[in-house]
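>>> one predicted model, sequence on top.
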Amino acid sequence: MTAQSGTLVLIKVGNGADPEVFSTVGGLRTSRMVLNNKALDTTNLESGPWKQLLGSAGISSMVIEGGGLFTDSASEETLRLYAFANSANNYRFVFANGDNVTGPFMVTAYERDGNYNDAETFAITLESAGTLTFAS
């Protein structure tokens with residue numbers, strides 16, 4: 001199995017047009033995706049000592065996080081506007097092998113940080129706000 005470059009893991013923000021155009025969020029140095037599947041516990045007295053879960057019945061959610069250098073690019077401005085609007089908008093998370101996840105997310109955290117004698121940085125947290133699609 002060949003290792004994949006982390007520099008190719010991208011967060012892209014949609015522009016809301018039809019057809020929607022996705023732009024890479026500028027300045028990112030890190031990106032992370034977490035898929036959560038909350039199981040539905042159906043354990044009962046007849047289950048014996050083993051927990052039983054009902055497949056495809058729980059709640060799924062995804063969190064995408066990123067951080068990097070603030071460049072004030074057009075994509076960062078779009079992301080900032082979405083954050084202040086507290087709205088659900090389309091984003092795409094792209095992996096190095098070409099796989100991607102696309103769908104509505106809300107910016108649940110937007111941070112900017114500046115230190116003396118250093119570049120301004122930012123961090124974002126996006127939480128899924130509807131049905132996501134995975135493509136490979």
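Yep, that arrived.
>>> what residues of stretch 123-136 count as buried?
124-129, 132 (16 or more other Cβ atoms under 10 Å). Bear in mind the C-beta positions are built from the backbone N, C-alpha and C, glycine included.
>>> stretch 20-34 too?
22-23, 25-28, 31.
>>> do me a favour and get the end-to-end distance for it?
Start to finish, the residues bounding stretch 20-34 are 24 Å apart (Cα to Cα, to the nearest Å).
>>> let me see the mean pLDDT of that stretch.
The average of the pLDDT scores along stretch 20-34 is 92.
>>> ok, stretch 87-97 next?
Averaged across stretch 87-97, pLDDT comes to 94.
>>> over to N37: give its phi and psi.
phi -120, psi 110 (degrees, to the nearest 10).
>>> picking that back up, could you single out the nearest of the buried residues of stretch 123-136 to T102?
T102 has its nearest neighbour among those in L132, at 6.9 Å by Cβ to Cβ.
>>> pretty sure that closest one sits against I64.
No - L132 is not in contact with I64 according to Cβ atoms under 8 Å; the separation is 10.3 Å.
>>> and I11, how far from T42?
I11 sits 36 Å away from T42, taking Cβ to Cβ, to the nearest Å as the criterion.
>>> higher neighbour count, those two?
Legend: neighbour count by other Cβ atoms under 10 Å for I11 and T42, higher for I11 (25 against 12).
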